[in-house]
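Q: no FASTA, just this:
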Ligand SMILES: [Zn+2]
């Protein structure tokens, strides 16, 4: 985002705050356009400290991380924007600082820390930042060369120059009942946003190349709005955690745990014939022939039933192991159990067979043994302990002979909290 877009994000979120909070913070309104740009102002090592001090003598408090973190500041964090899970320490740190400032009646500090978080959200949702890898830029230039009148076009800077407004926002969502949970949930939503915002790159480039400025600006609005929503969620989560004022209904929603069917994995590996991803609530006919997705069906003691879950198919083994997997980062001490029901698709699998494996911190902790379409579905309930990742893996159990038919299903996969059903 350019600096105006970062300001729009912060102002859009502020205006959408519940009235009582907004009125209490109203004296800080003049800070909003600036604080949304703090990391850009102060992370620049070529800018002399005197210039930084002139903007805010306290800038080190907001923009420098304490020792023990992986980098000194946001823009030197050593992970790509595609690894949102690795940014959780940054979110945790700033969110905790914002909460501490609010509790200490330091409204100025509170708004500045939220501004830093808001800047990060703007960077996450900015489509041009998704091109920060040399290869992507090259491929994009090859797919969509600029017109001869724009031969110096820069695919990062010139794309980022288009300023979007912040559209209407939904009511704020509580990100978690602790800082750790909030950072984890936001990181997963950020990862979702990173992949969804890519859809604006090509149409925006086309609009710029056609000199349709209004259209380019219209396309810049959804990314700014998404960052505005995340900033509003952060504002309200920080205020709720700082004051301890958390409505029961919101607590209950979060206590239900997380449905992994609709949760973006931090990393995953599938065969390309399966479209490169798990199938929601179904299985994909193979070989791929344009046929519709088949609802997921498992065999139970009392008969065959349609289930909700993730349909997967282990890789053929052409380039690597005959397996497929989904990996999720886990927030420390938030979820206590993983539960699911697993089995092979009762009608599509034929002679196929596979084994389901659940790994915690990359070590197998649960194995189904070889499963076929004739077996009943198997329930899993696994303690998570202090694990930092969970991996749902399926491995071929027929030495590749039934590759096309190994339709495996993780039904109702959930991460549960202590207080939820066991
Ligand atoms: Zn930035």
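A: Arrived safely. Computed from a prediction, not measured in an experiment: that's the story for all the values here.

Q: Now the element after the top helix by length along the chain, going C-ward?
A: For the chain, the helix with the greatest residue count under DSSP state H is helix 213-243. Under the assignment DSSP states H and E, the closest C-terminal helix or strand after helix 213-243 is helix 248-255.

Q: Which strands and helices lie in contact with that following helix?
A: For helix 248-255, not one helix or strand is in contact under the criterion 3 or more C-beta pairs under 8 Å, 6 or more residues apart in numbering; DSSP states H and E. To be clear about C-beta, it is placed using only N, CA and C from the backbone, and glycine gets the same treatment.

Q: So what touches the next helix or strand after that helix?
A: Helices and strands here follow DSSP H and E; after helix 248-255, the next one along the chain is strand 258-259. For strand 258-259, contacts defined as C-beta atoms under 8 Å, 6 or more residues apart in numbering pick out 335, 412, 413, 414, 415.

Q: Ok, stretch 167-183 next?
A: For stretch 167-183, the surrounding residues in contact (C-beta under 8 Å, 6+ apart) are 12-13, 16-18, 88-89, 91-92, 95-96, 99, 184-186, 221-222, 224-225, 228-229, 232-237, 240-241, 246, 250-251, 253-254, 331-334.

Q: Show the buried residues in those.
A: 12-13, 16-17, 88, 91-92, 95-96, 99, 184-186, 221-222, 224-225, 228-229, 232-237, 240-241, 250, 254, 331, 334 (16 or more other C-beta atoms under 10 Å).

Q: and the residue of the stretch 201-350 of the chain found nearest the ion, what does it touch?
A: Using C-beta to the ion, the single residue of the stretch 201-350 of the chain nearest to the ion is residue 227, 11.4 Å away. The contact partners of residue 227, taken as C-beta under 8 Å, 6+ apart, are 1, 9, 118, 121, 122, 124, 125, 126, 166.

Q: Just want the phi and psi numbers for the closest residue to residue 329 other than its chain neighbours.
A: Counting by C-beta to C-beta, 6 or more residues apart in numbering, residue 85 is the residue found nearest to residue 329 once chain neighbours are left out, at 4.0 Å. Phi and psi for residue 85, reported as degrees, to the nearest 10, are phi -60, psi -30.

Q: From residue 217, how far out is residue 85?
A: Distance of residue 85 to residue 217, computed by C-beta to C-beta, to the nearest Å: 33 Å.

Q: More neighbours: which of these two?
A: residue 85 (21 against 15; other C-beta atoms under 10 Å).

Q: pLDDT on stretch 354-366, on average?
A: The average of the pLDDT scores along stretch 354-366 is 98.

Q: sorry, that was for stretch 76-95
A: According to the model, stretch 76-95 has a mean pLDDT of 94.

Q: Please enumerate residues in contact with it?
A: Applying C-beta under 8 Å, 6+ apart, the set of residues contacting stretch 76-95 is 43, 65-66, 69-71, 74, 113, 116-117, 120, 123-124, 129-130, 132-133, 179-180, 182-184, 186-188, 190-191, 194, 234, 237-238, 241, 266, 329, 331.

Q: burial measure for residue 384, as a count.
A: For residue 384, the count of nearby residues is 18 (other C-beta under 10 Å).

Q: can I assume it is in contact with residue 390?
A: Yes: counting by C-beta atoms under 8 Å, residue 384 does reach residue 390; the two are 6.9 Å apart.

Q: for the stretch 51-200 of the chain, which spans come out with low pLDDT?
A: 130-134 (pLDDT under 70).

Q: tell me which parts of it are close to the ion?
A: For the stretch 51-200 of the chain, the residues in contact with the ion (C-beta under 5 Å from the ion) are residue 123.

Q: The closest residue to the ion within the stretch 51-200 of the chain: how many residues sit nearby?
A: In the stretch 51-200 of the chain, the residue found nearest to the ion is residue 123; the distance is 4.5 Å by C-beta to the ion. Residue 123 has 20 neighbours, counted by other C-beta under 10 Å.

Q: In which helix or strand does it reside?
A: Going by DSSP H and E, residue 123 is in helix 107-125.

Q: which secondary structure elements does that helix contact?
A: helix 3-15, helix 19-25, helix 32-35, helix 38-42, helix 59-63, helix 88-103, helix 179-197, helix 213-243.

Q: from the middle of its chain, how far away would that helix be?
A: Relative to the mean C-alpha coordinate of its chain, helix 107-125 is positioned 18 Å out (C-alpha atoms, centre = their mean, to the nearest Å).

Q: got the buried residues for it?
A: Applying 16+ other C-beta under 10 Å to helix 107-125 flags 107, 109-125 as buried.

Q: ok, then the element right after that helix?
A: Counting by DSSP H and E, what follows helix 107-125 is helix 134-143.

Q: where's that next one relative to the chain centroid, distance-wise?
A: Centroid separation for helix 134-143 versus its chain: 24 Å, with C-alpha atoms, centre = their mean.

Q: Equivalent analysis for stretch 171-184, please.
A: Distance of stretch 171-184 from the chain centroid (C-alpha atoms, centre = their mean) equals 13 Å.

Q: What of stretch 389-408?
A: Worked out by C-alpha atoms, centre = their mean, stretch 389-408 lies 26 Å from the chain centre.

Q: Could you chop the chain up by domain?
A: Domain assignment of the chain by automatic domain parsing yields the ranges 3-255, 260-416.

Q: First residue to last residue on the longest one, what's the distance there?
A: Translated: domain 3-255. Domain 3-255 has an end-to-end distance of 38 Å (C-alpha to C-alpha, to the nearest Å).

Q: Same question for the last one.
A: Counting by C-alpha to C-alpha, you get 11 Å between the two ends of domain 260-416.
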